[in-house]
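J.: Fold the stuff below for me.
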Amino acid sequence: MYRGKYSRVQAPVLPHWAENAVIYEVNVRQFTPQGTFAALAAHLPRLKELGVTVLWFMPIHPIGRKRRKGSLGSYYAIRDYYDINPEFGTLDDFKKLVKKIHDLGMFVIIDLVANHTAWDHPLIEEHPEWYRRDEDGTIVSPLPGWQDVAALNYENPDVRQYMSDMMVYWVQEIGIDGYRCDVAELVPPEFWQTAIARLQKKSVLMLAEGQHPSLHAHGFHLSYAFNMYWLFNGIVDGTRRIREIDELLAIDISRFPTGARRLRFTSNHDQNSWLGSAVERLGQAARVFAVLTFTLPGTPLIYSGQETGNSKRLEFYEKDVIEWQESPFTPFYQRLCDLYKNHPALYKGEMTPLTIHDPDALYAFERTCANDRVVVVANLSSKTMTGHLVLENIPYKLVDAFTGDKFILEKISVTLAPWDFRIYTVENSSE
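T.: Got it, this is the predicted structure:
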């Protein structure tokens, strides 16, 4: 297979605290009726119990009023990089929230919107030369349809210095632990490389919204696995094939730097609001594909409300509170978090595809790291299927990770209902 130039590069090593991270995306506006940091704080013990380790906050800054979309505007139209959206509280409120999160042993990353600002950001008046312009000299939006934001011009070194200084401020002065960088591929990679290097006095986590291999070569630990997300949806609607999972993983190995970590997800703020919740899009398959986000190589993401089976599309420009409820999804995600964090095979192990009957419906693989082994079998079809697996290096003591059932065998024969799965942890039977 062709190997891209970045495959010969070593990706940045994850901070030690992020090696087995489970990331949870926080939509402050929709999280509580109040939509404030103070109200969100009451949920922190629940999130800790769920098993998440990193809270990613969607943009927390004031939202532009000029050319605003909807009544509340887009979180990503930022009017001041150094201030807090007054709907959420004050800077002091955010500092208190960060401390509470740290006291619970969790970490904080915030959304960084470096490519553009709101039209009423003071920089437009103070430094109009910092913005991109068309041939007529008019400041422009970055892309069609993004009329509520103005594109920054990174050819200007003063822009790079301002944005880099701002990134250092939130890490050193406020105490956050990293950034999720919006549309990272629209910002010059040389900027990222220089800015990220300035942050490394502290062990920060850098997540890029983008999937180009060069992102890892320029300082990012994590990048979006968009292609796998689209494949999951395509398998459900019948337009894609299961074998493409291994094909995509092989492409990652051939194109990405060694050690590059991919973000696995079935939902996030964009997918939920514009395409539907995971439950809406995936239906009965929502659980099995969540399993794959936790068991395929990568780092898993949970979006606000996903752990309680939220089925509605949250409004992006208006108030639309998540309807929290008791749900079987909660213990399901809790178990996945526990498995991921406590099995090195899942967060840093090798993956071996396993041969199984009917590869057009069933998908199986093993993750291994030293003596830690995990076997996953998934029915990625709408029919009940029976599969047979032969495992090497037997005998095995298998433990069903969800039921706790234990048995010793060298061949697995498993019947799975539509969109069902099994996860087995593996021990040597002589132990």
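J.: CA atoms for contacts and neighbours, from now on please.
T.: Will do.
J.: Excluding residues flanking it in the chain, which one is nearest residue 13?
T.: residue 221 (6.9 Å; CA to CA, 6 or more residues apart in numbering).
J.: Tell me how far that neighbour lies from residue 214.
T.: 11 Å (CA to CA, to the nearest Å).
J.: out of the two, which sits in the busier spot?
T.: A count of neighbours by other CA atoms under 10 Å puts residue 221 above the other of residue 221 and residue 214, at 24 against 20.
J.: Please report how far the more buried one lies from residue 16.
T.: In terms of CA to CA, residue 221 sits 12 Å off from residue 16.
J.: and residue 334, what element?
T.: Assigned by DSSP states H and E, residue 334 falls within helix 329-342.
J.: quick one: that helix to chain centroid distance?
T.: Helix 329-342 has its C-alpha centroid displaced from the chain centroid by 16 Å (CA atoms, centre = their mean, to the nearest Å).
J.: per-residue confidence averaged over the next helix or strand after it?
T.: Next helix or strand after helix 329-342 toward the C-terminus (DSSP H and E): helix 344-348. Computed over helix 344-348, the mean pLDDT rounds to 98.
J.: Is residue 62 in contact with residue 74, as I believe?
T.: No - contact criterion CA atoms under 8 Å: residue 62 and residue 74 do not qualify, at 10.1 Å.
J.: roughly how far apart are residue 96 and residue 176?
T.: Taking CA to CA, one finds residue 96 at 12 Å from residue 176.
J.: Settle it for me: which of those two has more neighbours?
T.: Each of residue 96 and residue 176 has its neighbours counted (other CA under 10 Å); residue 176 has more, 22 against 16.
J.: was I right about that one contacting residue 110?
T.: Yes - counting by CA under 8 Å, residue 176 sits close enough to residue 110 to count as a contact (7.4 Å).
J.: Contact partners for residue 80?
T.: Going by CA atoms under 8 Å, 6 or more residues apart in numbering, residue 80 touches 61, 62, 63, 121, 122.
J.: Helix or strand: which one has it?
T.: Per DSSP H and E, there is no helix or strand for residue 80.
J.: can you pull the pLDDT of it?
T.: On the pLDDT scale, residue 80 gets 98.
J.: How much space separates it from residue 376?
T.: From residue 80 to residue 376 the distance is 46 Å (CA to CA).
J.: again, but for residue 60
T.: Residue 60 is 38 Å from residue 376, by CA to CA.
J.: Then residue 369?
T.: When distance is defined by CA to CA, residue 369 is 15 Å away from residue 376.
J.: Pick out whichever of these two has more residues nearby.
T.: Ranked by neighbour count (other CA under 10 Å), residue 369 and residue 376 place residue 376 first, with 21 against 16.
J.: The more buried one pairs with what?
T.: Beta-bridge partners for residue 376, by DSSP bridges, are residue 365, residue 423.
J.: how much space is there between it and residue 228?
T.: 17 Å.
J.: ditto for residue 180
T.: Counting by CA to CA - residue 180 and residue 228 are separated by 19 Å.
J.: Which one of these two is surrounded by more residues?
T.: Of the pair residue 180 and residue 228, residue 180 is the one with more neighbours under other CA under 10 Å, namely 23 against 20.
J.: pretty sure residue 324 contacts residue 306?
T.: No - counting by CA under 8 Å, residue 324 does not reach residue 306; the two are 9.9 Å apart.
J.: Counting neighbours, go ahead and name the busier of these two.
T.: Neighbours per residue, other CA under 10 Å: of residue 324 and residue 306, the larger number sits with residue 306, 25 against 14.
J.: got a list of what the more buried one touches?
T.: Counting by CA under 8 Å, 6+ apart, residue 306 touches 267, 278, 329.
J.: So which of the residues you listed wins on neighbours?
T.: Within the contacts of residue 306, most neighbours by other CA under 10 Å means residue 278, with 28 neighbours.
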